[in-house]
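K.L.:
structure of the sequence below:
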Amino acid sequence: MFRNARTLVRGLPHAPAALRQMRMFWRGYTTWRFNKLWTTSIKPMDTPYQTNPLRLFFEAHKEGPGIWKWQHYFDIYDRHLHRFKDRAVCVLEIGIYSGGSLEMWRNYFGPLSEIYGVDIEPACEAYQSDSVKVFIGDQGDRNFWMRFKNEVQDIDIVIDDGGHLPEQQIVTFEELLPHLRPGGVYICEDIHGTLNTFAAYVYGLAQNLNAGDRGQENANNNERCLVYGASAVQSAVRSIHLYPFMTVVERTETAISELVSTKHGTQWQPFLK
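P.N.:
Next up is the predicted model:
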C-alpha cells in the first residue's frame, strides 16, 4: 500500500510531506476501523430520542409524497439547523425525488421560510407550490448553477441529496458554498465508500483550517500573545463536521481577519518562554 502511495506522490514538489500525510491517513484508518475497545463503555440512552421534530414528522408521515432518509440524519439536521426555525430562512434541497422532504422542511422551518428544490427529473415540477419553488437542472452543470444563482440571490441552507456522485457533489459544493449567507450551513448527504473522492476533497479543504502564518507576536506575558493572519478558508468557514455518510460545513457569521492566542495571568512556569 505504501509502495503505491510513493508512486502517487513521486515528482510532486512536496512529495516527502505528502507521503507522510498519506501514511498517517492509513495509520489512522487501520488503527480505528476495527478497534472496538472504545465502544465497550457506551450505554443505551435512558430516554427515547424520538423527540426530534424532524423525526416526529417522518414517523407520522405514512401517506402522501415519499420521504427517504437514513435514520441517523434527523439528529444531525436538528443539531445544525434548529437555530433557523421560525425565521425568514432560504433553504435549498437538491434531489426532490418524490417531494416529501420538501414538505418536511417547510414544516420544520415554519411559514417564514423560503423553500427551493432542484432535480434533474422534469416530473419533479409537480411539487412546486405557493410555498416551494422547483428548478429543473443538472447539479453537475456549472451553467445551471449560474442561472440559479442569478435568480436566487441568497441561500442560508443547502442540503445536497441529489445524484450522490462525487463529481456532482464537488461541482455543487464549489458553486454554492460561496453563495451561502454568513452563518449558513451546507449539508452533503450520502457520501459512501471509504475512498470516496468527495470525502477526500473535504479532507483537503479541512487541512486549510489548520494553516497558520504568523503575523505578529507580542513579547509580553499577558494580553495578545500570538496573532496569525486568517487564510481565506479560516475567514469564511467556521467548522467542518464529519458524520456517517454526511458532511456539514458551517460558514462564519462575519469574515475573520486574524486568529489570536492570548495570555491572562501573572504567574508562569519558566520552562516555556
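K.L.:
longest strand of this structure, counting residues only.
P.N.:
strand 180-188 (DSSP state E).
K.L.:
outside of it, which residues touch it?
P.N.:
76-77, 80-81, 84, 90, 154-160, 169, 172-173, 176-177, 198, 246-254 (CB atoms under 8 Å, 6 or more residues apart in numbering). Placement of C-beta: from N, CA and C, glycine included.
K.L.:
in strands, which of those residues appear?
P.N.:
Secondary structure from DSSP E places 90, 155-160, 246-251 of the contacts of strand 180-188 in strands.
K.L.:
quick one: low-confidence ranges for the stretch 1-150 of the chain?
P.N.:
Filtered on pLDDT under 70, the stretch 1-150 of the chain yields the residue ranges 1-15, 38-50.
K.L.:
same thing but at 90, please
P.N.:
Applying pLDDT under 90 to the stretch 1-150 of the chain flags residues 1-51.
K.L.:
quick one: the strands in it?
P.N.:
Using DSSP state E, counting those that start in this stretch, the strands of the stretch 1-150 of the chain run over 90-94, 114-119, 132-136.
K.L.:
tell me which of these sits nearest to residue 230.
P.N.:
Across the strands of the stretch 1-150 of the chain, residue 230 has its closest neighbour in strand 90-94 (26.6 Å, CB to CB).
K.L.:
on contacts alone, who are the packing partners of the closest one?
P.N.:
Using 3 or more CB pairs under 8 Å, 6 or more residues apart in numbering; DSSP states H and E as the contact criterion, the elements in contact with strand 90-94 are helix 100-109, strand 114-119, strand 155-160.
K.L.:
need these in JSON lines (columns: distance to residue 131).
P.N.:
Formatted as JSON lines, the helices and strands packed on strand 90-94 follow (distance: least, CB to CB, whole Å):
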{"stretch": "helix 100-109", "distance to residue 131": "6"}
{"stretch": "strand 114-119", "distance to residue 131": "6"}
{"stretch": "strand 155-160", "distance to residue 131": "16"}
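K.L.:
redo the strands of the stretch 1-150 of the chain as JSON lines? Include distance to residue 72 and mean neighbour count.
P.N.:
Formatted as JSON lines, these follow (distance: least, CB to CB, whole Å; neighbours: other CB atoms under 10 Å):
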{"stretch": "strand 90-94", "distance to residue 72": "18", "mean neighbour count": "24"}
{"stretch": "strand 114-119", "distance to residue 72": "23", "mean neighbour count": "23"}
{"stretch": "strand 132-136", "distance to residue 72": "26", "mean neighbour count": "18"}
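K.L.:
so which of those strands is nearest residue 190?
P.N.:
strand 90-94 (11.3 Å).
K.L.:
quick one: strands adjacent to the closest one?
P.N.:
strand 114-119 (parallel), strand 155-160 (parallel) (DSSP bridges).
K.L.:
run through who's touching the last one.
P.N.:
Around strand 155-160, the neighbours that count as contacts under CB under 8 Å, 6+ apart are 81, 84, 89-95, 105, 116, 139, 169, 172-173, 176-177, 179-181, 183-189.
K.L.:
residue 234: which of the strands of the stretch 1-150 of the chain is closest?
P.N.:
Comparing these by CB to CB, strand 90-94 comes nearest, at 25.1 Å.
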